[in-house]
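Engineer: I'll drop the sequence and a predicted model, then ask my questions.
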Amino acid sequence: MSAPLKILIAGRNGQVAQALLSSLQGLGELICLGRAELDLSDADAVRSRVRDLRPDLIINAAAYTAVDQAESEPEQAFAVNATAPGVLAEEAKALGAPLIHYSTDYVFDGRKSSPYQDHDQPHPLGVYGQSKLAGEQAIAAVGGQHLILRTSWVYSLYGRNFLLTMQRLLQEREELRVVSDQIGAPTWAGTIASTTGALIEQWRSGQAGPWGTFHLNAQGETSWFGFASAIAEHLKTAGKPCARLVPISSSEYPTPAQRPLNSRLDCSRLQAAWKVHLPEWQAALADCLQNAD
């Protein structure tokens, strides 16, 4: 039996880190640090902390995720999303420890007519996507063992996300307008965490696939309007009040940062190379909401 791992998880207050704390129980010592203990905007502090802890595996679930705010705070976005991942990669390589890092569909411009494959050329539309792409490039440039896992439309029962916002607004309002021309796959943080656990198990058992960049999100596709409609159906089934949903175009809901219209990610390479199964988004949503009851 393998010795227990010492796993450093960055981003304790985020959705994915919280899900990882549940999914990775039993693998070893989980050291989950928030900004107070590991400030990713301070590269020197990151180096020092990693060297003190000497983990066997680093999982970077931390990010600057305020997509619109990033347009006016590019330095902060790049410090957290680009510089820090490069530092983590350097320290992981020095320790001989793999790095698992989460990226985003926002590295693409959404103009492709079919799902994006992990080797497609990125072309981010805004600062957030640019900073996340720079983080990917910084990790790849270091050349250590790493998995960059691009995901999309992450939600959970924790923190701030589309699911919780919709649940609240659908019960507060009579009518709710939701964008219907952006297409992707809502991905439960629990799916990301459980899949990450499976990837770690594959690595630990000597059955690791190739390192590099892969896509990881729920299967199937829908719009934000379709996602909101599924959330509304659950509320109705539970006998709760629910607003009338109205589909609108992205142009009717202007934001500081432009969003990709096509956020669909082809995950077939991850599933084949690392022998993991990704659920349909509707099934994952049902599992998530079941945990709320």
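Structural biologist: Arrived safely. Every value quoted in this text rests on a predicted model; they were computed, and no experiment measured them. Numbering: from 1, shown residues only.
Engineer: any idea how far the residue positioned nearest the centre of the chain lies from residue 287?
Structural biologist: Computing the C-alpha centroid of the chain and ranking residues by C-alpha atoms, centre = their mean puts residue 151 first, at 4.8 Å. Noted for residue 151: a distance of 17 Å to residue 287, by C-beta to C-beta, to the nearest Å. For the C-beta atoms, the positions are set from N, CA and C on the backbone; glycine is no exception.
Engineer: likewise residue 124?
Structural biologist: Counting by C-beta to C-beta - residue 124 and residue 287 are separated by 31 Å.
Engineer: who has more neighbours, the two?
Structural biologist: Between residue 124 and residue 287, counted using other C-beta atoms under 10 Å, residue 124 has the larger neighbour count: 22 against 14.
Engineer: which pLDDT value goes with that one?
Structural biologist: Model confidence at residue 124, given as pLDDT, is 97.
Engineer: same check on residue 115?
Structural biologist: pLDDT for residue 115: 97.
Engineer: isn't it up against residue 263?
Structural biologist: No. Look at residue 115 against residue 263 with C-beta atoms under 8 Å: they stay out of range, at 9.2 Å.
Engineer: of those two, who's got more company?
Structural biologist: The residue with more neighbours, out of residue 115 and residue 263, is residue 263; 22 against 19, by other C-beta under 10 Å.
Engineer: for the residue nearest to the more buried one when sequence neighbours are not counted, give the beta-bridge partners.
Structural biologist: Once flanking residues are discounted, residue 263 sits nearest to residue 184: 3.2 Å by C-beta to C-beta, 6 or more residues apart in numbering. Under the criterion DSSP bridges, residue 184 forms beta bridges with residue 222.
Engineer: now do the helices in the stretch 151-293 of the chain.
Structural biologist: 162-172, 189-204, 224-237, 268-274, 281-290 (DSSP state H, counting those that start in this stretch).
Engineer: give the buried residues for the first one.
Structural biologist: In terms of neighbour count (16 or more other C-beta atoms under 10 Å), helix 162-172 has its buried residues at 162-164, 166-167, 170.
Engineer: and it, what does it pack against?
Structural biologist: Contacts defined by 3 or more C-beta pairs under 8 Å, 6 or more residues apart in numbering; DSSP states H and E place helix 162-172 against strand 154-155, strand 175-179, helix 224-237.
Engineer: could these be laid out in JSON lines, adding mean pLDDT?
Structural biologist: Converted to JSON lines, the helices and strands packed on helix 162-172 look like this (pLDDT from 0 to 100):
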{"stretch": "strand 154-155", "mean pLDDT": "97"}
{"stretch": "strand 175-179", "mean pLDDT": "96"}
{"stretch": "helix 224-237", "mean pLDDT": "96"}
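Engineer: for the chain, which spans come out with low pLDDT?
Structural biologist: Judged by pLDDT under 70, the chain has its weakly predicted residues at 1-2, 293.
Engineer: could you pull out the strands for it?
Structural biologist: Using DSSP state E, the strands of the chain run over residues 5-10, 28-33, 57-60, 99-104, 146-151, 154-155, 175-179, 183-184, 187-188, 212-215, 222-223, 244-248.
Engineer: residue 208 and residue 147, how far apart?
Structural biologist: 9 Å.
Engineer: my bad, residue 26
Structural biologist: With C-beta to C-beta as the criterion, residue 26 and residue 147 are 20 Å apart.
Engineer: who's more crowded, those two?
Structural biologist: Relative neighbour count places residue 147 above the other of residue 26 and residue 147, with 25 against 8, counting by other C-beta under 10 Å.
Engineer: my read: that one touches residue 210, true?
Structural biologist: No. Contact criterion C-beta under 8 Å: residue 147 and residue 210 do not qualify, at 9.5 Å.
Engineer: re earlier: can you put the helices and strands packed on helix 162-172 in a markdown table and add mean neighbour count and distance to residue 274?
Structural biologist: Shown next, in a markdown table, are the helices and strands packed on helix 162-172 (neighbours: other C-beta atoms under 10 Å; distance: least, C-beta to C-beta, whole Å):
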| stretch | mean neighbour count | distance to residue 274 |
| --- | --- | --- |
| strand 154-155 | 24 | 20 |
| strand 175-179 | 17 | 33 |
| helix 224-237 | 19 | 27 |
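Engineer: export the ones you listed as JSON lines, with columns for distance to residue 138.
Structural biologist: Compiled in JSON lines, the helices and strands packed on helix 162-172 are given as follows (distance: least, C-beta to C-beta, whole Å):
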{"stretch": "strand 154-155", "distance to residue 138": "22"}
{"stretch": "strand 175-179", "distance to residue 138": "32"}
{"stretch": "helix 224-237", "distance to residue 138": "31"}
